[in-house]
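Student: build me a model from this:
(one chain, ligands or ions: 2)
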Amino acid sequence: MIQIHNLSKRYDDTLILNHTSFTLPSKGLICLLGASGSGKSTLLHLLAGFDSQYSGDITVWGTSIGKLNADELCAYRRDHIGFVFQNYHLLSGYTVLENILLACELNPSIEEENRKNAKELLNKLGLSQKTDAKIENLSGGQKQRAAIARALIRNPRIVLADEPTGALDRSNSNELMGLLKEISKDRLVVVITHDQKICSFADEVIHIENGKMIAKGIDAGTDLTDQPVLSLNKTVKGSAFKRGLKNFNVHLIRYMAVSLAISIGILAFMLSLSSGNRMEESISDFKDKNTAYNNGYIKGEDDGTVYELLNSDERIENVYNQYKITDVTLRLGDKTEVMAEKYPQPKATESMSYGTMPKAGEQEIALSPSLAKKFEKDIRNLLGKELALEYGEKEYMLTISGIYNAGYDDFFVSSDIEKEIYINADKEKSYSISYDVTDFEDIVAVSQMLADHNIDSKTSAKEVGALQSTFKGLNRLFLIVSILILAIGLSISTVLLIKLQNSRYKEIGLLSALGFNRGTIRRIIVSENLLLSAMSVIFNAVLVGCTYLIGMIFDVAIIITPLQILLSIISTGVVVILISILASYKLIRTEPAAALRK
Ligand code: ADP
Ligand code: MG
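Tutor: Ligands and ions are numbered 1, 2, ... in the order given. Below you'll find the predicted structure:
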């Protein structure tokens with residue numbers, strides 16, 4: 001017996017059921033009539049425990065279902081309610097039999113028996129031919145019968161059917177009502193209908209008018225002696241992973257599309273990072289190869305103060321006095337040139353015609369064009385050749401690294417060689433001081449420090465300053481682009497995952513209506529999300545691998561460090577899991593009535 005006492009239900013400002021009271025018997029067939037929108041489905045959902053937002057009281061066999069906790073309410077739906085939804089709520093992608101057995105999944109111990117019962121029911125409902133057909137291939141009437149079979153499979157004590165004959169022709173309607181009439185001998189069956197003819201099967205007809213339930217028709221005699229107690233069995237744990245896996249399989253294409261999109265997003269971020277890496281590498285390459293920029297030159301005699309200042313600065317190495325030298329011999333092959341006098345010149349301000357300036361630490365020499373011409377007509381051929389430099393007792397074997405612009409015979413050597421040469425020089429008056437700044441980054445600061453001491457140094461600080469600000473700008477740009485790509489990727493992933501979860505409200509609402517409790521539903525969703533995350537990780541790994549291969553085949557330098565690959569793969573998994581958990585937060589908590597309406 002179901003006692004409805006003072007029941008009110010409102011949606012926002014609209015009162016649907018208005019302080020209505022009624023007592024339904026434990027057995028018999030009851031038809032529920034009322035205008036469209038009068039609240040028939042709403043009432044059925046309340047009786048089924050799909051919606052707990054109401055005032056008043058619904059007492060089923062002595063237990064107020066409003067006072068049940070979430071798990072008890074699930075047990076109530078699972079063990080006592082068979083619900084036929086107006087729009088069926090069958091799961092596409094599953095067979096008829098699978099849809100029906102879904103209601104038994106929380107009772108898997110008697111699987112064989114469930115299967116047998118399902119087949120018998122399908123037989124009774126004239127659907128035995130369609131047992132293994134996919135649900136989406138059924139006609140409206142066939143779907144309706146499948147939905148009825150699902151409602152009856154667990155032999156519930158209360159059957160609530162929302163317009164179950166809506167899609168059936170007259171003869172099928174009569175057949176179905178005959179079946180419902182028969183089973184109503186030992187249970188309560190409530191049927192919503194518009195069809196007056198259906199009411200002829202009813203023991204009692206109830207109208208809903210102005211939010212009230214009004215009995216019209218003959219009361220077949222409520223059996224008040226039979227008052228069972230509402231028994232609530234323990235929560236049954238369904239195999240969440242199995243269902244998650246099955247769901248994942250059924251929606252495989254959708255899941256693949258989402259995980260592919262997410263992986264591509266993260267790959268785009270990786271590639272942008274790789275371009276950043278590539279640029280950083282070029283910059284550091286540039287810094288290594290252009291050590292002539294590190295050189296500085298201060299002209300004029302020095303009493304030792306400037307030398308001491310430079311020598312005591314940690315950022316500076318190779319500080320030495322330069323002198324005028326005489327009788328330097330240069331020999332290349334069988335050609336020899338002797339320079340009677342050579343004055344030091346500032347290397348840093350010279351511009352190159354070919355090649356590069358001699359680098360500190362390398363045994364290199366750069367020649368002016370007029371001097372170079374004395375060794376070879378086509379001066380470009382000299383680059384990379386070995387040249388012997390003799391001064392005093394010593395001879396140095398040097399590689400020609402470049403030709404620089406100057407209108408007279410002259411040469412530059414690497415600063416460490418030069419330093420050695422001047423050790424042997426006749427120590428009269430020093431002509432100038434030369435130094436190297438150890439780190440490219442300090443070149444501008446060292447020049448500034450010298451300027452602060454009113455020392456005029458010839459350096460490439462201006463060029464280096466301009467380059468550094470370009471490098472900084474490029475670095476910042478790459479960072480911004482990478483972050484932008486990441487943000488776009490994350491937003492798209494979030495939207496896709498939220499959409500994916502939203503598309504599942506009906507499915508989850510159905511599971512909840514069938515009595516799956518929140519914990520089980522959460523485990524199902526988590527299983528699916530884990531599978532989705534694993535799939536995204538695999539896609540990501542494959543995509544990174546393919547990119548690598550393409551890079552190798554087409555000789556595009558893609559620099560992705562193993563750490564970045566690992567991070568990309570891990571972050572794909574973590575991103576998917578985190579967003580999925582956030583997106584499904586609401587999904588898990590929505591009551592069946594609301595979820596099924598979405
Ligand atoms: P019936 O089944 O009698 O045709 P319903 O019970 O489905 O009517 O709905 C009664 C009224 O409540 C309708 O006007 C419907 O639009 C409204 N309604 C039903 N469910 C909701 C909901 N979740 N939110 C807002 N309005 C709703
Ligand atoms: Mg309705």
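Student: okay, now the unreliable bits of this structure?
Tutor: 108-109, 217-227, 235-238, 424, 426-427, 557-559 (pLDDT under 70).
Student: would you mind listing what in it touches ligand 1?
Tutor: Residues of the chain lying close to ligand 1 by Cβ under 6 Å from any ligand atom are 11, 16, 34, 36, 37, 38, 39, 40, 41, 42, 594, 597. C-betas here are computed from N, CA, C, even on glycine.
Student: farthest pair within these?
Tutor: Largest separation among the residues of the chain next to ligand 1 by Cβ to Cβ: 34 and 594, giving 21.6 Å.
Student: so between these two, which is more surrounded?
Tutor: Counting neighbours by other Cβ atoms under 10 Å for residue 34 and for residue 594 shows that residue 34 has the greater number, 20 against 15.
Student: OK, contacts around that one?
Tutor: 40, 207, 208, 209 (Cβ atoms under 8 Å, 6 or more residues apart in numbering).
Student: who are the contact partners of the first one?
Tutor: This means residue 40. Shown in contact with residue 40 (Cβ under 8 Å, 6+ apart): 32, 33, 34, 162, 192, 208.
Student: residue 280: which of the residues you listed is nearest?
Tutor: Taking those together and measuring to residue 280 by Cβ to Cβ, the closest member is residue 162, at 65.2 Å.
Student: just checking, the closest one touches residue 193?
Tutor: No - counting by Cβ atoms under 8 Å, residue 162 does not reach residue 193; the two are 9.4 Å apart.
Student: can you turn the buried part of the residues of the chain next to ligand 1 into a ChimeraX selection?
Tutor: To isolate the buried members of the residues of the chain next to ligand 1 in ChimeraX, using 16 or more other Cβ atoms under 10 Å:
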select :16,34,38,39,40,41,42
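Student: could I get the full set of helices for the stretch 1-150 of the chain?
Tutor: Residue ranges of the helices in the stretch 1-150 of the chain, as given by DSSP state H, counting those that start in this stretch, are 40-48, 70-80, 96-101, 111-124, 140-152.
Student: closest point of the stretch 51-200 of the chain to ligand 1, which residue?
Tutor: Closest residue of the stretch 51-200 of the chain to ligand 1, Cβ to the nearest ligand atom: residue 192 (6.7 Å).
Student: would you map out the domains in the chain?
Tutor: Split into domains by automatic domain parsing, the chain comes to 2-236, 252-284+470-597, 292-434+443-451.
Student: can you name the residues that contact residue 507?
Tutor: 91, 247 are the contacts of residue 507 under Cβ under 8 Å, 6+ apart.
Student: element containing it?
Tutor: In this assignment (DSSP states H and E), residue 507 forms part of helix 505-513.
Student: following that helix, which helix or strand shows up next?
Tutor: In N-to-C order, the element after helix 505-513 by DSSP H and E is helix 518-553.
Student: so which elements touch that next one?
Tutor: For helix 518-553, the packing partners by 3 or more Cβ pairs under 8 Å, 6 or more residues apart in numbering; DSSP states H and E come out as helix 70-80, helix 240-250, helix 252-289, helix 505-513, helix 562-589.
Student: ok, and the closest non-adjacent residue to residue 39?
Tutor: Closest residue to residue 39 apart from its sequence neighbours, by Cβ to Cβ, 6 or more residues apart in numbering: residue 16 at 4.1 Å.
Student: so that neighbour is in contact with residue 10, correct?
Tutor: Yes - assessed by Cβ under 8 Å, residue 16 is found in contact with residue 10 at 6.3 Å.
Student: which helix runs longest in this structure?
Tutor: Longest helix of the chain, by residue count under DSSP state H: helix 461-502.
Student: which helices and strands does that helix pack with?
Tutor: So helix 461-502, by 3+ Cβ pairs under 8 Å, 6+ apart, packs with helix 252-289, helix 443-452, helix 562-589.
Student: separation between residue 263 and ligand 1?
Tutor: Distance, residue 263 to ligand 1, by Cβ to the nearest ligand atom, to the nearest Å: 37 Å.
Student: is it true that residue 298 lies in a strand?
Tutor: Yes - assessed by DSSP: H, G, I helix; E, B strand; the rest coil, residue 298 belongs to a strand.
Student: coming back round to it: for the domains of the chain, which one sits closest to residue 243?
Tutor: Among the domains of the chain, the nearest to residue 243 by Cβ to Cβ is domain 252-284+470-597 (5.1 Å).
Student: start and end of the closest one, how far apart?
Tutor: Using Cα to Cα, to the nearest Å, the end-to-end distance of domain 252-284+470-597 comes to 25 Å.
Student: and it, how far out from the chain middle?
Tutor: 2 Å (Cα atoms, centre = their mean, to the nearest Å).
Student: same check on stretch 387-403?
Tutor: A distance of 61 Å separates the centroid of the chain from that of stretch 387-403, by Cα atoms, centre = their mean.
Student: and it, what's buried?
Tutor: Buried residues in stretch 387-403 (16+ other Cβ under 10 Å): 387, 389, 391, 396, 398, 399, 400, 401, 402, 403.
Student: try stretch 166-185
Tutor: Result for stretch 166-185 [16+ other Cβ under 10 Å]: buried residues 166-168, 172-177, 179-181, 184.
Student: so can I have TSV of those showing secondary structure?
Tutor: Shown next, in TSV, are the buried residues of stretch 166-185 (three-state DSSP):
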residue	secondary structure
166	coil
167	coil
168	coil
172	helix
173	helix
174	helix
175	helix
176	helix
177	helix
179	helix
180	helix
181	helix
184	coil
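Student: what's the most distant pair in these?
Tutor: Checking the buried residues of stretch 166-185 against each other with Cβ to Cβ, the farthest-apart pair comes out as 167 and 184, at 21.3 Å.
Student: from the stretch 351-500 of the chain, which residue is nearest to ligand 1?
Tutor: As assessed by Cβ to the nearest ligand atom, ligand 1 sits closest to residue 498 within the stretch 351-500 of the chain, at 20.6 Å.
Student: just the stretch 451-598 of the chain next, same as before
Tutor: Closest contact between the stretch 451-598 of the chain and ligand 1, by Cβ to the nearest ligand atom, is at residue 597 (4.9 Å).
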